[in-house]
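K.L.:
sequence and predicted model, in that order:
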Number of protein chains: 2
Amino acid sequence: MSSTITAQMPGEPATTTYERSCEGSPADSNHGRAIRDVLDRVGDKWSLLVVATLRKQRLRFTELQRHIPGISQRMLTLTLRQLERDGLITRTVHAEVPPRVEYELTALGGTLIELAMSLADWAIQNHPRIEDSRAAYDHAHSN
Amino acid sequence: MSSTITAQMPGEPATTTYERSCEGSPADSNHGRAIRDVLDRVGDKWSLLVVATLRKQRLRFTELQRHIPGISQRMLTLTLRQLERDGLITRTVHAEVPPRVEYELTALGGTLIELAMSLADWAIQNHPRIEDSRAAYDHAHSN
DNA sequence: CTGAATCCATACTGATACTG
DNA sequence: CAGTATCAGTATGGATTCAG
């Protein structure tokens, strides 16, 4: 059952939220939803970065913030909650004072970051080509 | 030079647009920028879907629109322009009347979609786990 | 047929201030 | 320390209309 994004993928058009299932054969269920869900998580501004940062080490809130320059407290919190909800990281609160909260990658999160790494490799290797292409395009359309 | 998203990735914080380079060692250049660029393209709502649709076939504008239910004329146009600019697809206009424009994947686009496919596979295989995790999380936090 | 231009609703993100 | 709450700017996507 090796993938097939092709054309049945649309999360949803009219309804702003992706709810209705794509009416393919009853068996193929809604792969589009699955893909969209993962993309929404991977594609946002900080999730992948947080997961990558947690790849090797278990870290607490403030440590994460230091490791990820530019992230706001708010966005770090929101991102962590999402990742936790999706089962990609775990959040453990130690009953101390002052409070200590540590975040750690789950096994699921671990498999995802491996994939993401290969995407990162692709990005790094091919970015020059993309940059060149953009320059050429912009030049041709500058008029 | 196998990747390392870790912590130096931030596109940019304060400046709304990702312009300033991350001042790492002069050699490692801005991998963060590369990764962010690719993610911005891959993560948006339609790009990956368009690329996937073009994977096997060369298609014209209207055909693409039919293959991708829910996409608006505007978003199809914008998405195609971006992909063309990045060198992931080519756009060829046939001097006929009525006009015929065909879009085709480039070699670069071809390598990207292969990666995207494995991500899609991951999404399909692990989505049940994510769904379960979400249900559990929502249940635990419903109060 | 293949778009470009305009307008509008919403979603995402960041800055800031406050709390157990 | 580790958040929450509120507010505001920007970006994104869709609907509609017009054009070569």
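P.N.:
That came in fine, so what should we check first? This one's a predicted model, so the numbers in the text were calculated from it and none came from an experiment.
K.L.:
other SSEs contacting the helix-or-strand element of chain A with minimal mean pLDDT?
P.N.:
The weakest-scoring helix or strand in chain A, judged by mean pLDDT, DSSP states H and E, is helix A:31-43 (a mean of 87). Secondary-structure packing of helix A:31-43 (3 or more Cβ pairs under 8 Å, 6 or more residues apart in numbering or on different chains; DSSP states H and E): helix B:31-43, helix B:107-140. All C-beta spots, glycine's among them, are computed from the backbone N, C-alpha and C.
K.L.:
return the most buried member of those.
P.N.:
Sort the helices and strands packed on helix A:31-43 by mean neighbour count, taking mean count of other Cβ atoms under 10 Å in any protein chain shown, and helix B:31-43 sits at the top with a mean of 22.
K.L.:
do it and DNA strand D meet at all?
P.N.:
Yes - Helix B:31-43 comes into contact with DNA strand D when judged by Cβ under 7 Å from any atom of the strand, the residues involved being B:D40.
K.L.:
so that helix, near DNA strand C or not?
P.N.:
No - Helix B:31-43 stays clear of DNA strand C (Cβ under 7 Å from any atom of the strand), getting no nearer than 8.9 Å.
K.L.:
run through who's touching the helix or strand just after that helix.
P.N.:
Tracing the chain past helix B:31-43, the next element assigned as helix or strand by DSSP states H and E is helix B:47-53. Surrounding helix B:47-53, the residues in contact under the criterion Cβ atoms under 8 Å, 6 or more residues apart in numbering or on different chains are A:5-7, A:9-10, A:39, B:41-42, B:59, B:64, B:67-68, B:71, B:76, B:79-80, B:82-83, B:88-89, B:105, B:109, B:112-113, B:116-117.
K.L.:
got it, and stretch A:77-90?
P.N.:
By Cβ under 8 Å, 6+ apart, the list of residues contacting stretch A:77-90 from outside reads A:41, A:44, A:46-47, A:50-51, A:54, A:61, A:64, A:71, A:91, A:103-106, A:108-109, A:112, B:129-130, B:132-134, B:137-138.
K.L.:
how does it look with 7 Å?
P.N.:
A:41, A:46-47, A:50-51, A:54, A:91, A:103-106, A:108-109, A:112, B:129-130, B:133-134, B:137 (Cβ atoms under 7 Å, 6 or more residues apart in numbering or on different chains).
K.L.:
ditto for stretch A:113-130
P.N.:
Contacts with stretch A:113-130, where a contact means Cβ under 7 Å, 6+ apart, come from A:42, A:48, A:51-52, A:55, B:2-3, B:5, B:31, B:34-35, B:37-38, B:86-87, B:108, B:112, B:115, B:118-119, B:122.
K.L.:
and A:R55, how close does it get to DNA strand C?
P.N.:
When distance is defined by Cβ to the nearest atom of the strand, to the nearest Å, A:R55 is 20 Å away from DNA strand C.
K.L.:
doesn't that residue fall inside a strand?
P.N.:
No - secondary structure assignment places A:R55 outside any strand; it is coil (DSSP: H, G, I helix; E, B strand; the rest coil).
K.L.:
state the pLDDT value of it.
P.N.:
The predicted structure scores A:R55 at 95 on the pLDDT scale.
K.L.:
now do the contacts for it.
P.N.:
Taking Cβ under 7 Å, 6+ apart as the criterion, A:R55 is in contact with A:L105, A:I113.
K.L.:
which residues touch the spatially most central residue of chain A?
P.N.:
When chain A is reduced to its mean C-alpha position, the nearest residue by Cα atoms, centre = their mean turns out to be A:V42, at 1.6 Å. Contact criterion Cβ under 7 Å, 6+ apart gives A:L48, A:A116, B:G43 as the residues in contact with A:V42.
K.L.:
same thing with A:E104?
P.N.:
When contacts are counted by Cβ under 7 Å, 6+ apart, A:E104 touches A:L54, A:R58, A:I89, A:T90.
K.L.:
redo that, cut-off 10 Å
P.N.:
When contacts are counted by Cβ atoms under 10 Å, 6 or more residues apart in numbering or on different chains, A:E104 is found next to A:L54, A:Q57, A:R58, A:L59, A:I89, A:T90, A:R91, A:T92.
K.L.:
can you report phi and psi for it?
P.N.:
phi -150, psi 150 (degrees, to the nearest 10).
K.L.:
do you know how far it is from A:L59?
P.N.:
With distances defined as Cβ to Cβ, to the nearest Å, the gap from A:E104 to A:L59 amounts to 8 Å.
K.L.:
who in chain A is up against DNA strand D?
P.N.:
Contact residues (Cβ under 7 Å from any atom of the strand) of chain A with DNA strand D: A:13-14, A:60-63, A:73-74, A:77, A:80-81, A:91, A:98-101.
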